[in-house]
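Asks: Sharing a sequence plus its predicted fold:
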Amino acid sequence: MEHGRQVKTGKPDGHHFCSKFVSDWTFVSVRTVALEKQFYIAYLLLSPILQSSVPHTGRCSSIVRTDRRLMGSISHAIGPKLGFHHQVSHCSNGLFGFNGDKFLSLSSRKLFGRICASVDVRDERKNTTIDFSDPDWKMKYQADFEKRFSLPHITDVFGDALPIPSTFCLKMRSPPVSDAFAGGYPSDEEWHGYVNNNDRVLLKVINYSSRSSAGAECIDPNCTWVEQWVHRAGPREKIYFKPEEVKAAIVTCGGLCPGLNDVIRQIVITLEIYGVKKIVGIPFGYRGFSDKELTEMPLSRKVVQNIHLSGGSLLGVSRGGPTIDEIVDSLQERGIDLLFVLGGNGTHAGANVIHNECRKRRLKVAVVGVPKTIDNDILLMDKTFGFDTAVEEAQRAINSAYIEAHSAYHGVGIVKLMGRSSGFIAMQAALASGQIDVCLIPEVPFQLHGPHGVLRHLKYLIETKGSAVVCVAEGAGQNLLQKTNATDASGNIILGDIGVYIQQEMKKYFKEISVPVDVKYIDPTYMIRACRANASDGILCTVLGQNAVHGAFAGYSGITVGICNTHYVYLPIPEVISYARMLDPNSRMWHRCLTSTGQPDFM
Ligand SMILES: Nc1ncnc2c1ncn2[C@@H]1O[C@H](COP(=O)(O)OP(=O)(O)OP(=O)(O)O)[C@@H](O)[C@H]1O
Ligand SMILES: O=P(O)(O)OC[C@H]1O[C@](O)(CO)[C@@H](O)[C@@H]1O
Ligand SMILES: [Mg+2]
């Protein structure tokens with residue numbers, strides 16, 4: 001029996017308080033995707049099961065709702081759109097019915113993993129079911145994984161494309177290391193510094209012994225460890241483009257992100273090292289491909305030398321823009337052979353369609369993405385560039401909120417941070433600052449009002465500590481706000497302002513209960529991304545930029561670059577963008593954040 005984190009599910013001021021180890025099993029919910037309705041399964045309903053596995057006082061009735069988006073957290077193990085179909089008919093206990101449920105939450109998955117004798121996993125993308133009674137299922141899964149993560153290559157379409165020796169040469173840059181190393185000297189034959197096409201990086205490094213281990217990502221009911229290897233990034237010995245003949249283009253799309261200029265700079269520098277003479281920047285995102293008013297920007301080492309010293313994008317960014325046909329027409333007209341696309345989920349979706357359209361038209365173009373999102377919401381990667389800087393900047397806002405709140409009589413600071421569908425920035429900033437009492441993220445629902453609501457907890461904090469600081473991700477608590485169906489030029493839903501709403505409700509609440517509070521609201525939204533990359537992001541951008549160029553010259557297309565378990569990899573675009581990566585409320589990191597803030601569940 002394993003136990004989860006120590007959770008306060010209430011406060012001693014009148015409502016229930018539970019300061020004990022609560023198992024993961026207490027966090028249960030099911031989302032009926034088809035009906036788009038959230039519903040909760042009360043703890044009491046589960047108590048017959050839970051009593052046998054969880055030591056509880058009977059006073060903790062708090063339930064944390066999780067939802068389909070949590071699948072982001074298990075995606076690493078089972079791949080995009082690979083949903084768990086727990087066939088309830090297999091369960092001895094027929095408590096639950098799932099009308100067309102596509103996904104079960106991670107937590108409920110664990111629960112059912114225990115309840116059900118047999119669990120069926122379905123790969124929705126390929127509509128194949130894994131039969132765990134097959135003794136070879138693991139081998140088959142690994143083979144399928146290898147296939148899914150194989151990298152599209154120019155030779156898939158141009159079978160007769162002949163590679164040439166790479167013009168990117170590291171030879172002679174290193175002095176002899178030792179007699180034992182490569183025969184004593186880095187010779188052509190034995191040492192060249194290239195990455196072998198067959199090199200792989202292990203994607204998952206934790207062997208969870210139990211489905212109930214915190215953050216467990218399991219494929220089968222026994223949580224068997226399955227090797228999942230992805231392609232290692234880096235320069236190859238053979239290349240598929242003649243550097244002196246190619247034209248390379250760079251485009252930056254979506255919102256701004258610290259580090260865009262660092263990546264642009266490094267791509268240009270690396271291209272020049274290969275020997276590329278024609279390098280251009282497409283202005284203002286995909287729009288630059290079709291807007292006749294906008295002309296492409298010639299790029300060289302000289303032009304980009306110092307651009308990383310400032311934030312933003314040298315090329316400009318935009319949302320929305322032309323159709324894929326228009327973009328590919330433009331690629332053809334401009335004679336572009338290598339296209340580097342810097343952007344988030346939307347941009348990568350575009351890049352993948354561009355790659356497919358190029359194949360359809362039999363254009364020998366390598367399309368390589370570099371994931372850019374301060375939200376850190378791209379699947380499989382340790383982190384995306386800009387995220388670290390955004391967290392650092394967010395901390396400054398939190399510190400100001402803390403100083404304001406701490407210095408005022410009954411001061412409350414609220415800081416709203418970016419994070420449309422995932423709360424990574426809010427969580428990391430809360431963890432880093434150590435000044436947050438309440439961290440609200442899109443992945444964890446909360447109530448403002450009521451005995452377990454945020455406002456009641458703030459009252460408790462005012463009474464006990466004298467002040468409080470709340471940090472809220474922009475996508476949190478959207479269910480509390482009126483929905484507009486407005487979208488931006490790229491089709492992203494325009495969110496309601498949760499920060500302003502919390503501020504207003506807070507003022508009303510404290511007025512009603514006649515407790516004076518001094519509320520200060522800080523919205524540093526654009527300040528955390530419109531800035532220069534910090535050192536850590538600077539390094540990440542440099543490596544990603546270099547690897548993007550190596551990947552394109554190696555002949556790969558429809559790929560993106562990333563960092564997995566501290567190693568740099570190439571991944572096929574569809575595998576990283578099938579949905580936005582979400583924070584797993586059952587992950588150790590979120591548990592650590594809760595431990596740090598000391599906040600209870602707000603449901
Ligand atoms: N599904 C899609 N297929 C093709 N192109 C897309 C798709 N989604 C978005 N795009 C295009 O990609 C570009 C950027 O998209 P979007 O504005 O969503 O930013 P993003 O890349 O997701 O980055 P951010 O993290 O800042 O939101 C836009 O020009 C948009 O038209
Ligand atoms: O206001 P803009 O430029 O559309 O960008 C805002 C969005 O950008 C993001 O940071 C994604 O890059 C979202 O979290 C946020 O909603
Ligand atoms: Mg987007």
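Replies: Done, it's in. Numbering: from 1, shown residues only. Ligands and ions are numbered 1, 2, ... in the order given.

Asks: so who does G259 touch?
Replies: K372, F385, G386, T389, A533, D537, G538, L540, C541 (CB atoms under 8 Å, 6 or more residues apart in numbering). C-beta coordinates here come from the backbone N, C-alpha and C atoms, glycine included.

Asks: Which pair in these has the greatest spatial separation?
Replies: Spanning the widest gap among the contacts of G259 are K372 and G538, at 14.2 Å by CB to CB.

Asks: neighbour-wise, which of those two wins?
Replies: Remark: of K372 and G538, K372 carries more neighbours, 30 against 18, as counted by other CB atoms under 10 Å.

Asks: And for that one, nearest residue in space, chain neighbours not counted?
Replies: Ranked by CB to CB, 6 or more residues apart in numbering and with sequence neighbours excluded, the top spatial neighbour of K372 is C257, at 4.6 Å.

Asks: And the residue nearest the centre of the chain?
Replies: Taking CA atoms, centre = their mean, the centroid of the chain lies closest to D377, which sits 2.5 Å from it.

Asks: measure that residue to V226 for me?
Replies: Distance of D377 to V226, given as CB to CB, to the nearest Å: 25 Å.

Asks: Could you do H192 as well?
Replies: Applying CB to CB to H192 and V226 gives a distance of 33 Å.

Asks: sorry, back to before: tell me the pLDDT of the residue nearest to K372.
Replies: Note on C257: pLDDT of 97.

Asks: Equivalent analysis for N198, please.
Replies: N198 is assigned a pLDDT of 96 by the prediction.

Asks: ranges for the strands of the stretch 251-400 of the chain?
Replies: Applying DSSP state E, counting those that start in this stretch to the stretch 251-400 of the chain gives strands spanning 278-282, 297-298, 338-343, 366-371.

Asks: Quick check: which of those has the most neighbours on average?
Replies: strand 366-371 (a mean of 30; mean count of other CB atoms under 10 Å).

Asks: Pull up the residues of the stretch 151-300 of the chain that are close to ligand 1.
Replies: C253, G254, G255, G285, Y286 (CB under 6 Å from any ligand atom).

Asks: Can you tell me how far the nearest residue to the last one once chain neighbours are set aside is from I559?
Replies: Spelled out, it's Y286. Excluding the flanking residues, the one nearest Y286 by CB to CB, 6+ apart is G321, at 3.6 Å. As for G321, its distance to I559 is 22 Å (criterion: CB to CB).

Asks: Tell me which of the two has more neighbours.
Replies: Neighbour count, other CB under 10 Å: between G321 and I559, I559 has more, with 29 against 20.

Asks: Enumerate every residue touching T384.
Replies: Per CB under 8 Å, 6+ apart, neighbours of T384: P371, K372, T373, I374, N376, D377, I378, G562.

Asks: surely the third one meets P258?
Replies: No: with contact defined as CB atoms under 8 Å, T373 does not reach P258; the gap is 11.0 Å.

Asks: tell me, what's touching these two both at once?
Replies: G386.

Asks: about what we covered before: just the ones in helices from the contacts of G259, please.
Replies: Here DSSP state H is the test, and the contacts of G259 give T389, D537, G538, L540, C541 as lying in helices.

Asks: coming back round to it: could you report the distance from the residue nearest to Y286 to D497?
Replies: G321 is 26 Å from D497, by CB to CB.

Asks: again with Q435
Replies: Applying CB to CB to Q435 and D497 gives a distance of 23 Å.

Asks: Next: G450.
Replies: For G450 relative to D497 (CB to CB), the value is 22 Å.

Asks: picking up where we left off before, more neighbours, H192 and V226?
Replies: Neighbour comparison, H192 and V226: the larger count goes to V226, with 19 against 16 (by other CB under 10 Å).

Asks: In contact with that one, which residues are there?
Replies: With contact taken as CB under 8 Å, 6+ apart, V226 is in contact with A77, K138, Y141, Q142, F145, K204, I219.
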